[in-house]
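K.L.:
any chance you could fold what I've pasted below:
(2 chains)
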Amino acid sequence: MATKQNRTPANINNDPVPFFSQLGWQDWLYAIVLMASTIFAYAKYSQFMDIYETTFLFGAGIVFSVLGWCWKPFRLLLVGIAALSLFSINLYQGDLESVNRVFFLKFLIGSQTAVMWMNVLFVLAMLTYWFALFARSAFTGKVATSLTWAAVLMGFVGLMVRWYESYLIAPDVGHIPLSNLYEVFILFCLITSLMYLYYEQRYATKQLGGFVLLVVSAAVGFILWYTFSRHANGIQPLVPALQSYWMKIHVPANFVGYGAFSLAAMVASAYLLVNKGILVSRLPSTDVLDDLMYKAISVGFAFFTIATILGAVWAAEAWGGYWSWDAKETWALIVWLNYAAWLHLRLVKGLRGPMLAWWALIGLLVTTFAFLGVNMFLSGLHSYGTL
Amino acid sequence: MTNSKRLYELLSSMRFAVSVLTVLGIASIIGTVLKQNEPYANYVIQFGQFWFEMFEMMGLYDVYHSAWFLVILVFLVTSTSLCIYRNTPLMLKELRAYREQVTEKSLRAFSHQHEYATSQNLDQTKQDLSHFLTVRGFRFRTVKHKDGSEVIAAKAGSYQRLGYIFTHAAIVIICIGGLMDGNVPLKVEELLGNKTVESRDIPASEVPKKSRLSVSNLSFRANMTLPEGASADVAFQRVRDGYMVQELPFSIALTDFRIEHYPTGQPKSFESDLVIIDPDLKEPLKQTISVNHPLIYKGIAIYQSDFQDGGTQLNFNVWGILSTASKAIPLAGNVFGKTAFGEGLGALQLEFIDFRKFNILNLSPDGKGKPHNVGPNVTFKVRDSEGQAKEYVNYMQPLQLDGGYYFVSGMRSTPQEEFKYLRIPADSNFEMQGFMQTRAVLFNKGLHQEIARRFASKALKSTDDVNVKSKFEASVIQLLGAFSEGGFAEIAKLIDASVPKAQREAAAQTYIKIITGAAFEAYQVGQERAGIKNAKVDESTQAFLQDSLNAISDLFFYGEPIYLQMTKFEQREASGLQLTRSPGKNLVYSGSVLLVLGIFAMIYIRERRIWLLIKPQQNKVLFAMSANRKNRDFEIEFNRYQSQLSALLQR
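P.N.:
Here you go, the predicted structure:
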């Protein structure tokens, strides 16, 4: 292929450039630093990791490299998270009490404070997005995007530092912060807004930010309520069933699903508004919205499928069977069936229009019930995140 | 169209498939709303006899194993299989075909097409176009037409079609795997009358053959509770309101069960040391299992599922709480055992139900404090000679409540009730003696005179009037008498009977003062009787006595005249194991892999076709493009190619 290319200048031919040739020196530097850090982490902590965790470590190195290559801003985010988290961890000096002493930890990048900053920034970003939408201000839109990035950065720093904090409590208490509702709600906010930021760039539209951040802000509201009213923001040790490497991939995969479905639902609400003739001049066309909705649901569906399968494999190890018709499992199946039917109508029947948008919007109710309602109203094996 | 043809059309239609998905979803909800596999008695209480039977008939207590749910699954498998059968040949044809036999007319009918004029010669054009297609990942075929024109038929992303086949085949495979691990064979055996569910509470060895499942049973999910030091070669499979005995090809012994705790008291790990005894093994297989780390032996996976008591040895002090006895009677028993206490009409049977060594409770008054371990408790029933039983739960160590320390015992008459708690204050040595001695003195009418005398001499120091003193003593004795017959409730009755309404409030206050003062003397008497001279008295004694009086009043509502104070235990635990044989597991897993591959293929591979009709005579090239899914990406791609081709052909 390359030899043929030499025959005529590439710019005339418009030949697509192979993926690796598209990468610049920053990409390579990024990947090399990432892999070097991975190897460093492995060298330092390999005696505490089993084969699965080692695989996840290197898998993460590779996945984040590729993610950064495909979506350039991600590189900066990752570097930012690493820098701030390491700085914060360094400030702890191995003492949990530092949070109340050290200025930066107390007010900026301690785990709880970073999460609080995330909360504040998300709400600010939402308001700014709405302002940008109504004022048709491109500059305000850019500010909103920056605020969202900042919120994501702080959220991830909060989680990273929390991860470290859990080991400070006691080495055997330490675990990845994906084990209760407080922690997964943070993850939900982060993944949903990251996915939004990706599509914002892909579709070059900032008008949907207000819609998507609405659902993120709702989650922020929950985090605040959970923190101040329930005091459920503390780090709890893991019950035996959760002590498994599976948690590190089952939970994130699930939240890519939940996040994508929520994103789709919010886009669907924008679609329905445009379809009714509301905000038409300010929002993208229904074609774009429809396409975005489809993309989000298909990503969500793929990851939700993986998550459910991983859950089944884990259940086979922890509960004695890959499928126990536990309430959470069953509702995951219902969510899956719901979007499977949606995709059938869209892909096989070629159906478009407000009907699918309504469906995607109502799908959010089903998803929310599976995510939250099951924990509130039903009992079962998944009772880690009770309200 | 014949009926069978029509049925085939219906079953293989997408309409039907989506309907089945919906019905399956709705059916699944039922089982999450209605608690599954509860003891049937609970359902009767919840719904009443009529609805209980109705729901039982509909199989709502075990929805996911009911016949109608299986039927839905079978429909799903059938529908999906027929979909595959119906569409796969078409899909494979599409996957392979280049559709090079197109006419110019049909290409012109495409919604996405464009015509270019080109001045290049045919060979150069063909070479350029081949290159154009190749670098963009298209494969193509070239066909020459009679009129000298040539068609390049190209395609990319054909494997999207495989996605369809993969996902649908995956669903069938997963469902078949699931059905294999389900209870279909058992259901059939039940229908044929070969097997019946056992619901009697009898030893496993006595369960008749009809309720036993042989070693060769294809798939099962059964449970076994193994006390430390015991072994078993059968497990129990719960079926509706009864069970079946599952025989195992080996026997399992439990040597030790351990629970580790975090510093906060939450459980950190459950571990069982197992020994597998099997004639096929040269020596017994020793293995420790824990949650997330099962043992798989002979295709049977052995999981740590839960734990319970395995018959802990218990020792008690039995206090006759309504008697004048100040000493306790020792008693021994064990969990799951029964012990008789007393004789004649007052004979009681003690049935020990459970012992728990660790109890994590949050005892802070506002509920905001941290939960912590409050030590062991024992649950038991006390059955009287008429067969009536009350249930009690007693904590071994005093619990810290509202700033004081109390021995706590819960009581209830029926399992539906909440426990009502009796709090007995611990004395300054954190023992129960202080309370029990005071109680014994207060209940001993023979000592009331002495208490009254001491109290009067202290309270009426300033007067020497014998009349006043003896009057006071008499009323103290009367109050003590009432109190020893029914606590504060009895005193309230006394007030109601003898004091005019207007003065009752004041009288009650006075009486309480007197009782409290008398209790102080009773406490002293009790201490002396126990051989403690000049017992230390301070503020805490006052609080202790106040609590004691309240507790004594509550004793009359405790239900039984005895209090069991646990003094010693020798724990014996039992491990709850789950044993499963699921031959469908690998099928389900491979189906899952296929499903993921299929979904990614279906969503992320985009099938597109391009036709380039080169007409050398007219120096024109017709470009047409199609996709089986026309979406925004397709539009963007078409526009890009259109302009790129324009640049390529018209330079």
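
K.L.:
hmm, the host helix or strand of B:Ala41 touching chain A?
P.N.:
Using DSSP states H and E, B:Ala41 falls within helix B:40-57. No: with C-beta under 8 Å from any C-beta of the partner chain as the criterion, chain A is not reached by helix B:40-57; the gap is at least 13.6 Å. No exception for glycine: its C-beta is placed from N, CA and C like everyone else's.

K.L.:
return the set of buried residues in that helix.
P.N.:
Using 16 or more other C-beta atoms under 10 Å in any protein chain shown as the burial criterion, the residues of helix B:40-57 that qualify are B:Tyr43, B:Phe47, B:Phe52, B:Glu56.

K.L.:
how is the chain carved up into domains?
P.N.:
Defaulting to chain A. A:27-70, A:81-238, A:253-387 (automatic domain parsing).

K.L.:
chain B was what I was after
P.N.:
B:3-93, B:101-157+B:605-649, B:187-218+B:220-310+B:574-581, B:313-428+B:567-571, B:436-535.

K.L.:
end to end on stretch B:233-253, go ahead and measure it.
P.N.:
From its first residue to its last, stretch B:233-253 covers 9 Å (C-alpha to C-alpha, to the nearest Å).

K.L.:
list the buried residues in it.
P.N.:
So for stretch B:233-253, counting by 16+ other C-beta under 10 Å, buried means B:233-237, B:239, B:241, B:243-246, B:248-250, B:252-253.

K.L.:
then stretch A:166-175?
P.N.:
Buried, per 16+ other C-beta under 10 Å, within stretch A:166-175: A:Ser166, A:Leu168, A:Ile169, A:Val173, A:Gly174, A:His175.

K.L.:
follow-up on the earlier one: now the domains of chain A in CSV, with mean pLDDT and distance to B:Asp366?
P.N.:
Putting the domains of chain A into CSV (pLDDT from 0 to 100; distance: least, C-beta to C-beta, whole Å) gives the following:
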stretch, mean pLDDT, distance to B:Asp366
domain A:27-70, 95, 39
domain A:81-238, 94, 11
domain A:253-387, 90, 19
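
K.L.:
for B:Glu637, which of those is the nearest?
P.N.:
Evaluated over these, closeness to B:Glu637 peaks at domain A:253-387, with 13.0 Å, by C-beta to C-beta.

K.L.:
centre of the chain to the closest one, how far?
P.N.:
14 Å (C-alpha atoms, centre = their mean, to the nearest Å).

K.L.:
residues in contact with stretch B:614-627: which ones?
P.N.:
B:104, B:107-108, B:110, B:112-119, B:121-122, B:125-126, B:129, B:147-152, B:606-613, B:634, B:637-638, B:641-642, B:645, B:649 (C-beta atoms under 8 Å, 6 or more residues apart in numbering or on different chains).

K.L.:
among the residues you listed, name the ones in strands.
P.N.:
B:113-117, B:150-152, B:608-613 (DSSP state E).

K.L.:
are any of the residues you listed buried, and if so which?
P.N.:
Applying 16+ other C-beta under 10 Å to these flags B:Gln113, B:His114, B:Tyr116, B:Glu150, B:Val151, B:Ile152, B:Arg608, B:Arg609, B:Ile610, B:Trp611, B:Leu612, B:Leu613 as buried.

K.L.:
kindly reformat these as CSV containing distance to B:Asp278.
P.N.:
Output for those, formatted as CSV (distance: C-beta to C-beta, whole Å):
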residue, distance to B:Asp278
B:Gln113, 73
B:His114, 75
B:Tyr116, 78
B:Glu150, 74
B:Val151, 71
B:Ile152, 69
B:Arg608, 60
B:Arg609, 62
B:Ile610, 65
B:Trp611, 68
B:Leu612, 71
B:Leu613, 74
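
K.L.:
save those as a markdown table, and put in pLDDT and distance to chain A too.
P.N.:
Shown next, in a markdown table, are these (pLDDT from 0 to 100; distance: C-beta to the nearest C-beta, whole Å):
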| residue | pLDDT | distance to chain A |
| --- | --- | --- |
| B:Gln113 | 94 | 19 |
| B:His114 | 94 | 15 |
| B:Tyr116 | 92 | 14 |
| B:Glu150 | 92 | 20 |
| B:Val151 | 94 | 22 |
| B:Ile152 | 95 | 16 |
| B:Arg608 | 94 | 14 |
| B:Arg609 | 95 | 17 |
| B:Ile610 | 96 | 15 |
| B:Trp611 | 96 | 20 |
| B:Leu612 | 95 | 16 |
| B:Leu613 | 94 | 21 |
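
K.L.:
quick one: which two of those residues are the most distant?
P.N.:
B:Glu150 and B:Arg608 (20.5 Å).

K.L.:
how about the strands in the stretch 251-400 of chain B?
P.N.:
In the stretch 251-400 of chain B, the strands defined using DSSP state E, counting those that start in this stretch lie at B:267-277, B:285-290, B:295-297, B:300-309, B:313-320, B:329-334, B:338-341, B:348-356, B:360-361, B:372-373, B:377-383, B:389-395, B:399-401.

K.L.:
next, the buried residues of the second one.
P.N.:
Right, the one you point to is strand B:285-290. Those would be B:Gln287, B:Ile289, B:Ser290, for strand B:285-290 by 16+ other C-beta under 10 Å.

K.L.:
before we move on, the earlier item: between the buried residues of helix B:40-57, which sits nearest chain A?
P.N.:
B:Tyr43 (16.0 Å; C-beta to the nearest C-beta).

K.L.:
so what's the closest one up against?
P.N.:
Contact analysis of B:Tyr43 by C-beta under 8 Å, 6+ apart lists B:Phe52, B:Phe55, B:Glu56, B:Tyr61.

K.L.:
including pLDDT, could the residues you listed go into JSON lines?
P.N.:
Below are those laid out as JSON lines (pLDDT from 0 to 100):
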{"residue": "B:Phe52", "pLDDT": "89"}
{"residue": "B:Phe55", "pLDDT": "90"}
{"residue": "B:Glu56", "pLDDT": "87"}
{"residue": "B:Tyr61", "pLDDT": "88"}
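
K.L.:
determine which two of the residues you listed are furthest apart.
P.N.:
B:Phe52 and B:Tyr61 (9.2 Å).

K.L.:
list residues touching both of those two?
P.N.:
B:Tyr40, B:Tyr43.

K.L.:
and the pLDDT at whatever residue of the stretch 151-300 of chain B ends up closest to chain A?
P.N.:
In the stretch 151-300 of chain B, the residue that lies nearest chain A is B:Val291 (3.9 Å; C-beta to the nearest C-beta). On pLDDT, B:Val291 comes in at 90.

K.L.:
please work out how many residues are found near it.
P.N.:
By the measure other C-beta atoms under 10 Å in any protein chain shown, the count of residues near B:Val291 is 22.

K.L.:
where in the stretch 351-500 of chain B is pLDDT low?
P.N.:
In the predicted model, the stretch 351-500 of chain B carries pLDDT under 70 at residues B:367-368.
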